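>>> here is the input, now give the coordinates:
(one chain, ligands or ions: 2)
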Amino acid sequence: MKIAIAGAGAMGSRFGVKLQSAGNQVTLIDNWADHVTTIQQQGLTVTTDDGTDHVYQMTAKRPQEVTTTFDLVILFTKAMQMDQMLQQLSGVLGNHPAVLTLANGIGNIETIERHVPKDHVVAGTTVWSSSLTGPGHITVTGTGSISLQAMVPDKFPDLPGLITTLNAAGLNASPAQNVLAAIWKKAGLNSVLNTYCTLFDCNIAEFGGLPNWRKLNDAVLSEFEAVATAAKIQFSAADVTALIAAQFDPTKNGGHYPSMHQDMAKKRPTEIDFLNGYVARLGEKLGVPAPTNALLAQLIHSQESLKGIK
Ligand SMILES: NC(=O)C1=CN([C@@H]2O[C@H](COP(=O)(O)OP(=O)(O)OC[C@H]3O[C@@H](n4cnc5c(N)ncnc54)[C@H](OP(=O)(O)O)[C@@H]3O)[C@@H](O)[C@H]2O)C=CC1
Ligand SMILES: CC(C)(CO)C(=O)C(=O)O
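Numbering: from 1, shown residues only. Ligands and ions are numbered 1, 2, ... in the order given. As a prediction, the model looks like this:
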């Protein structure tokens, strides 16, 4: 399959390597010029759990250099970069490839549907993880899985085929029954793990080792559940808490510093407005206050300001 990874940072690069190793023709597309040039000249370096470096020769391009067509575009930008990437790839999208997004945050589907017909879109979530440690260099730990669903299930040509392609690359994909519920579930997880690990400067296992992690968790997720219920979205705080607890295991994501922590460390804007901030705003609109999520969003914004992040 001809696959474009649009947004080839930490996650896009990890997925790109796995899909190419399984025999697909993969193009990594990214706006970070140094990253693209390093991959073109030296290959993509992947440091694995045991500290070993593996170098992969991969095709890497900036969006404006892409002229080929693809069967599948996997969008792996940050939520706030998605609209720009879709605009830059309008020529590529004109050939109607399937478009899959597994990015974190709520609201990405609406962004994609401004650029791509709904019946070509597949959305989902993943608990795979990765860190972009420098241009052309990622560090990966643990394993993960993917849950995904076509936005118009009767019209999307071949979801089982897409799942087979992802699974042949060892990505552990399975169909979701209710993609909006899956996105909210993942956003609940990120609004706990990403936000607290960033504020406390810790990894996921260290957060799980806090004696009061459950209290901190419940303060966020009880509001998520109330807002989701008002918005008629299926959400169970208990289910999300179980998923969070499963990440503490070092063979899953225990050793991982969440993507928001990585953003803050690199002085890059975070996705907070698509996580706790989104729920606080929606809660306000629906008359269901979410003060803990509103405060956490403000705390992260304050940290961004102190670091000079705009
Ligand atoms: N990392 C993880 O473990 C996980 C991440 N996710 C989600 O996946 C999506 C993609 O995240 P992720 O792969 O972490 O994103 P990254 O931060 O690794 O990369 C995103 C983009 O940011 C820019 N960028 C990043 N670092 C630098 C730098 N030092 N200098 C210049 N530009 C830089 C690049 O694009 P540009 O130049 O165009 O700005 C890059 O493509 C997000 O929605 C995230 O929440 C989901 C599960 C796990
Ligand atoms: C890996 C995981 C699940 C950790 O919160 C994630 O989604 C992230 O780092 O953004």
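>>> burial of A242, as a residue count?
10 (other Cβ atoms under 10 Å). (Each C-beta comes from the backbone N, C-alpha and C, glycine too.)
>>> typo on my end, it should be G254
18.
>>> residue contacts, the residue nearest to I146 when sequence neighbours are not counted?
Of all residues not flanking I146 in the chain, A173 sits nearest, at 4.1 Å (Cβ to Cβ, 6 or more residues apart in numbering). Applying Cβ atoms under 8 Å, 6 or more residues apart in numbering, we find A173 in contact with G124, S145, I146, S147, L148, L162, I163, L166, N167.
>>> quick one: low-confidence parts of the protein?
Within the chain, the set of residues satisfying pLDDT under 70 is empty.
>>> dump the residue contacts of whichever residue of the stretch 101-250 of the chain sits closest to ligand 2.
Closest residue of the stretch 101-250 of the chain to ligand 2, Cβ to the nearest ligand atom: S129 (3.5 Å). Listed by Cβ under 8 Å, 6+ apart, the contact set of S129 reads A10, M11, V140, T141, G142, G144, N253, H256, P258, S259.
>>> part of a helix, is it?
No - S129 is assigned coil when assessed by DSSP: H, G, I helix; E, B strand; the rest coil, not a helix.
>>> excluding its backbone neighbours, what's nearest I109?
Nearest to I109 is A123, by Cβ to Cβ, 6+ apart, at 5.3 Å.
>>> again, but for L132
L132 sits nearest to A10 (Cβ to Cβ, 6+ apart), 4.1 Å away.
>>> strands of the stretch 51-200 of the chain, residue ranges please.
Applying DSSP state E, counting those that start in this stretch to the stretch 51-200 of the chain gives strands spanning 53-56, 59-61, 72-75, 98-101, 121-126, 131-134, 137-139, 146-150, 173-175.
>>> let's have the ones you listed in JSON lines, adding distance to L296.
Listed next are the strands of the stretch 51-200 of the chain as JSON lines, based on distance: least, Cβ to Cβ, whole Å:
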{"stretch": "strand 53-56", "distance to L296": "37"}
{"stretch": "strand 59-61", "distance to L296": "36"}
{"stretch": "strand 72-75", "distance to L296": "26"}
{"stretch": "strand 98-101", "distance to L296": "24"}
{"stretch": "strand 121-126", "distance to L296": "20"}
{"stretch": "strand 131-134", "distance to L296": "23"}
{"stretch": "strand 137-139", "distance to L296": "27"}
{"stretch": "strand 146-150", "distance to L296": "25"}
{"stretch": "strand 173-175", "distance to L296": "31"}
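>>> can you pull the contacts of the residue in the chain that ligand 1 sits nearest to?
Ligand 1 sits closest to G9 of the chain, with a gap of 2.0 Å, by Cβ to the nearest ligand atom. By Cβ under 8 Å, 6+ apart, the contact set of G9 is D30, W32, H35, F76, T77, K78, L132.
>>> out of those residues, who's nearest ligand 2?
When the contacts of G9 are compared against ligand 2 (criterion: Cβ to the nearest ligand atom), the nearest one is K78, at 10.1 Å.
>>> what separation is there between the closest one and K310?
14 Å (Cβ to Cβ, to the nearest Å).
>>> now stretch 41-60: buried residues?
For stretch 41-60, the neighbour count (16 or more other Cβ atoms under 10 Å) marks L44, T45, V46, T47, M58, T59, A60 as buried.
>>> K78 and K310 - which one has more neighbours?
More neighbours surround K78 than the other of K78 and K310, with 19 against 6 (other Cβ under 10 Å).
>>> once you drop chain neighbours, what's closest to the more buried one?
Per Cβ to Cβ, 6+ apart, closest to K78 is E271, 5.9 Å.
>>> just L296 next, same as before
Closest residue in space to L296, ignoring its immediate chain neighbours: N276 at 4.6 Å, by Cβ to Cβ, 6+ apart.
>>> return the residues in contact with the one you found.
S191, T195, V220, N293, A294, L296, A297, I300.
>>> try 10 Å
For N276, the contact set (Cβ atoms under 10 Å, 6 or more residues apart in numbering) comprises 187-188, 190-192, 194-195, 220, 223-224, 290, 292-300.
>>> with S302 instead?
L199.
>>> that's a helix at it, yeah?
Yes - counting by three-state DSSP, S302 is found in a helix.
>>> re the thing from before, separate out the buried members of the contacts of N276.
Buried among these by 16+ other Cβ under 10 Å: 187-188, 190-192, 194-195, 220, 223-224, 290, 292-294, 296-297, 300.
>>> what does this structure put close to ligand 2?
N104, V127, S129, N190, L193, N194, N253, H256, P258, S259 (Cβ under 6 Å from any ligand atom).
>>> could you export those as a markdown table, including distance to ligand 1?
As requested, the residues of the chain next to ligand 2 are arranged in a markdown table below (distance: Cβ to the nearest ligand atom, whole Å):
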| residue | distance to ligand 1 |
| --- | --- |
| N104 | 3 |
| V127 | 7 |
| S129 | 3 |
| N190 | 7 |
| L193 | 10 |
| N194 | 8 |
| N253 | 8 |
| H256 | 6 |
| P258 | 7 |
| S259 | 4 |
